[in-house]
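Asker: let me see the structure of the following:
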Amino acid sequence: MAAPGSDPWTEERSWTRQAEAVCWKDGVLLALGSNREVLAVARAHGIAPEDASGLLVLPGFVDAHTHFLHIGIKKGRPALNECRNKEQALAVVAAWLRDHPLGAEGGPAAAVIAEGWDESEWAVHERPTLADLDALTQAAGTPDRPLVLRRVCGHIAVANSAALRIVRARWDSDDLVDLQSGLLVEQPSLYLNEVLPATAAELDAALAEACRLSHALGITTLGDYSQAPYRDALLRGALAGRLTVRVASSLYVQQLEGELAAGFRTGRARPGPAGTAPGLWLRDGGLKVFHDGSLGARTAALRERYKDAPSGTPDDCGGSSSAAAPGPAHRSRHGCVGHPHPRGTLNWGDADVERLLSTAHAAGVQVHAHAIGDAAIDQGLAAFAELAARADLEGAGWGGNALRHRFEHYEIHHDDQLPRTAELGIVSSSQPNFVGTWSAAGGMYEERLGEGYRLNNRFRRLKEAGIRLAFGSDGMPPGPLLGLAAAVAHPDPDQRLDPLEAVWHYTYASAWSLHWEDAVGSLEPGKRADLVVLEAKDPKRPASWRMRETIVDGVSRFRR
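Answerer: All right, here's what the predicted structure looks like:
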């Protein structure tokens, strides 16, 4: 909790402020302080006290970057996260096909999308193939049933022949859709729901499941990335009172023009149930721009070659022209654009990035620039710097980055990039759970980058440089306690955060990055009563913390 009138980003150790008791009424926090002070307020309002002795009470967690409805959607799909090799993954999918036979509806609605395989964790780093998937659907007696296996990062997938025909009709590019191996790279994998869509009923069910899972994890507010059908489901849920997690709903670039015309603006309050103020549960977020891909897929754009780049990956900038590879030369000043390369893949040329960012900024829309590799960060910094220097954007000045434009991930960063990021005021929306999963010595990051892996997710270094740091999960998986444990036990001891410091970045700092700190993110009188109650065997070790209760808007949503 920040002191009244202070700047929480500069106040020393603002995350350590503590109180003995808290009370609320009608979803709003009334008082924090000593037991005696708060008990007096509670009695004056007719509130019965509850003993929480020995428990840790924190603000509700704010996941700055996740895929809310997709978390619910995945619960109805084959899960490959626990598979230890390709054979196990294929066996899981075969069992799913057997247990979920094709109905009379046919077509894309009957498509099967399995999620979560990670060959970097397998003894043999061998991806599934088109032939593997065709064999599965053939054995199930449904060779025309579309089947896709999407990697844990979401940036690559493998499709069978039936799915390839549908995907190729939307993305006619050999760089993005490999007809020989079935590999889908970047857009076709990221936007599968455009060609293999979920139904409205499935999305409504996914909303209920995503709310339930979020409550169990202590997530009370989040930043989501949603295409039109998903945003429609969020709005339906908010209006009906079924959305019980606060959501800042962000867009992808293909939606930008239409949504701007419909009034999309960062922070715009969307209506909720009758009798409640707009924006209590649903607000407009920002614009997601994918500068590059992921390290796991080797599509994150790097200054240097991947240490384990496949020998067949071309070094030149040939490739065929496509909408995903703007410009005939397939290059930006930061590297190759739109096709596989030993240094990864930039998804946009510089001119396209600058156009997208200026369009969003001029309209009052926060930019969420997905940049994992150092070359992608270079491209983003150049575009943000040009934007900050312009004076012709319809009066939309930079104002110290008043729109709070963000880098999503900002993983592989160099010391020369940090001062420029801090000077521009760009937020780093980071995922500490990635550190816990892939960042240790001998892990996937070292395999991809060699000694360069030590440059990833240097949280203490980012803070020392003056960069504002928000925490989220990217839904991989969506568990704040996992992320907090990783931030506190970072593989590099010099980059570790204190436990309550890490909590602050997963609460107030993330709420601020979503333009929602007016209502959530800290326990202060007048804010919404969003809290988590934890059993903390060791207050200095988040790995020992366990969820006890989640309270959203003063209502207990989860209790163990």
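Asker: mind listing what's buried along stretch 452-464?
Answerer: Within stretch 452-464, the residues that qualify as buried by neighbour count (16 or more other C-beta atoms under 10 Å) are Gly452, Tyr453, Arg454, Leu455, Asn456, Asn457, Arg458, Phe459, Arg460, Arg461, Leu462, Lys463. C-beta here means a position set from N, CA and C on the backbone, and glycine is covered the same way.
Asker: cool, stretch 542-551 as well?
Answerer: Pro542, Trp545, Met547, Arg548, Glu549, Thr550, Ile551.
Asker: pretty sure the fourth one sits in a helix.
Answerer: What it means is Arg548. No. Using DSSP: H, G, I helix; E, B strand; the rest coil, the secondary structure at Arg548 is strand, not a helix.
Asker: report the contact partners of the residue lying closest to it once chain neighbours are set aside.
Answerer: Distances taken as C-beta to C-beta, 6 or more residues apart in numbering place Val533 nearest to Arg548, at 4.4 Å, with adjacent residues excluded. Listed by C-beta atoms under 8 Å, 6 or more residues apart in numbering, the contact partners of Val533 are Ala52, Leu55, Leu56, Val57, Met547, Arg548, Glu549, Thr550, Ile551.
Asker: what strands line up against the helix or strand that Val533 is a member of, and which way round?
Answerer: Element membership of Val533 [criterion: DSSP states H and E] is strand 531-536. Here strand 531-536 is paired, per DSSP bridges, with strand 56-59 (antiparallel), strand 545-552 (antiparallel).
Asker: now the ones you listed in TSV, with mean pLDDT?
Answerer: Shown next, in TSV, are these (pLDDT from 0 to 100):
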stretch	mean pLDDT
strand 56-59	96
strand 545-552	97
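Asker: so which of the ones you listed is nearest Thr507?
Answerer: Smallest distance to Thr507 across these (C-beta to C-beta): 4.3 Å, for strand 56-59.
Asker: which residues sit against that closest one?
Answerer: Applying C-beta under 8 Å, 6+ apart, the set of residues contacting strand 56-59 is 22, 503, 507-508, 520-523, 530-536, 539, 545.
Asker: hmm, His341 is touching Thr313, no?
Answerer: Yes. Between His341 and Thr313 a contact is recorded at 6.5 Å, counting by C-beta atoms under 8 Å.
Asker: more neighbours, the two?
Answerer: His341 (25 against 15; other C-beta atoms under 10 Å).
Asker: can you pull the contacts of that one?
Answerer: So His341 contacts Thr313, Pro314, Asp315, Cys317, Gly335 (C-beta under 8 Å, 6+ apart).
Asker: pick the one among these closest to Thr421.
Answerer: Among these, and counting by C-beta to C-beta, the member closest to Thr421 is Gly335, at 19.0 Å.
Asker: what about that closest one, how many neighbours?
Answerer: Here the count is done by other C-beta under 10 Å, and Gly335 has 22 residues near it.
Asker: hey, what's it bridged with?
Answerer: Ser332.
Asker: wait, it sits on Asn347?
Answerer: No. Judged on C-beta under 8 Å, Gly335 makes no contact with Asn347 at a distance of 11.1 Å.
Asker: hang on, the earlier thing: next one: the strand holding Val533 to chain centre, how far?
Answerer: Computed by C-alpha atoms, centre = their mean, to the nearest Å, the separation of strand 531-536 from the middle of its chain amounts to 24 Å.
Asker: show me what counts as buried in that strand.
Answerer: Result for strand 531-536 [16+ other C-beta under 10 Å]: buried residues Leu531, Val532, Val533, Leu534, Ala536.
Asker: same question, stretch 119-127
Answerer: Buried residues in stretch 119-127 (16+ other C-beta under 10 Å): Glu119, Ser120, Glu121, Trp122, Arg127.
Asker: need the residues you listed in JSON lines (columns: distance to Val152 and pLDDT).
Answerer: What follows is those, written out as JSON lines (distance: C-beta to C-beta, whole Å; pLDDT from 0 to 100):
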{"residue": "Glu119", "distance to Val152": "9", "pLDDT": "92"}
{"residue": "Ser120", "distance to Val152": "9", "pLDDT": "88"}
{"residue": "Glu121", "distance to Val152": "9", "pLDDT": "88"}
{"residue": "Trp122", "distance to Val152": "12", "pLDDT": "93"}
{"residue": "Arg127", "distance to Val152": "12", "pLDDT": "92"}
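Asker: out of these, which comes closest to Leu381?
Answerer: Ser120 (28.2 Å).
Asker: please parse this structure into its domains.
Answerer: The chain breaks down into these domains under automatic domain parsing: 73-194, 287-507.
Asker: please identify the most buried of these.
Answerer: Mean neighbour counts were taken over the domains of the chain using mean count of other C-beta atoms under 10 Å, and the top value, a mean of 21, falls to domain 287-507.
Asker: the buried residues of stretch 119-127 into CSV, with extra columns for distance to Leu29 and secondary structure?
Answerer: Formatted as CSV, the buried residues of stretch 119-127 follow (distance: C-beta to C-beta, whole Å; DSSP: H, G, I helix; E, B strand; the rest coil):
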residue, distance to Leu29, secondary structure
Glu119, 47, helix
Ser120, 44, helix
Glu121, 43, helix
Trp122, 48, coil
Arg127, 50, coil
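Asker: return the member of those nearest to Val93.
Answerer: Arg127 (13.7 Å).
Asker: leaving out chain neighbours, which residue sits closest to the closest one?
Answerer: Per C-beta to C-beta, 6+ apart, closest to Arg127 is Glu119, 5.4 Å.
Asker: correct me if wrong: that neighbour contacts Cys83.
Answerer: No. Assessed by C-beta under 8 Å, Glu119 is found out of contact with Cys83, at 9.7 Å.
Asker: run through the stretch 351-500 of the chain and note the low-pLDDT ranges.
Answerer: In the predicted model, the stretch 351-500 of the chain carries pLDDT under 70 at residues 394-396.
Asker: all helices of it, in order?
Answerer: Taking DSSP state H, counting those that start in this stretch as the test, the helices found in the stretch 351-500 of the chain are 374-389, 418-424, 432-438, 444-449, 459-464, 480-488, 499-505.
Asker: for Leu207, find the nearest of those.
Answerer: Per C-beta to C-beta, nearest to Leu207 of the helices of the stretch 351-500 of the chain: helix 480-488, 20.2 Å.
Asker: elements contacting the closest one?
Answerer: helix 432-438, strand 469-471, helix 499-505, strand 545-552 (3 or more C-beta pairs under 8 Å, 6 or more residues apart in numbering; DSSP states H and E).
Asker: would you turn the ones you listed into JSON lines with distance to Lys74?
Answerer: Converted to JSON lines, the helices and strands packed on helix 480-488 look like this (distance: least, C-beta to C-beta, whole Å):
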{"stretch": "helix 432-438", "distance to Lys74": "16"}
{"stretch": "strand 469-471", "distance to Lys74": "21"}
{"stretch": "helix 499-505", "distance to Lys74": "26"}
{"stretch": "strand 545-552", "distance to Lys74": "21"}
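Asker: contacting residues for Gly452?
Answerer: Taking C-beta under 8 Å, 6+ apart as the test, what Gly452 contacts is Glu304, Lys307, Ile412.
Asker: please, which helix or strand holds the second one?
Answerer: Looking back up the chat, that one is Lys307. Applying DSSP H and E, one finds Lys307 in no helix or strand.
Asker: with adjacent residues omitted, what lies nearest to it?
Answerer: Nearest to Lys307 is Gly450, by C-beta to C-beta, 6+ apart, at 4.2 Å.
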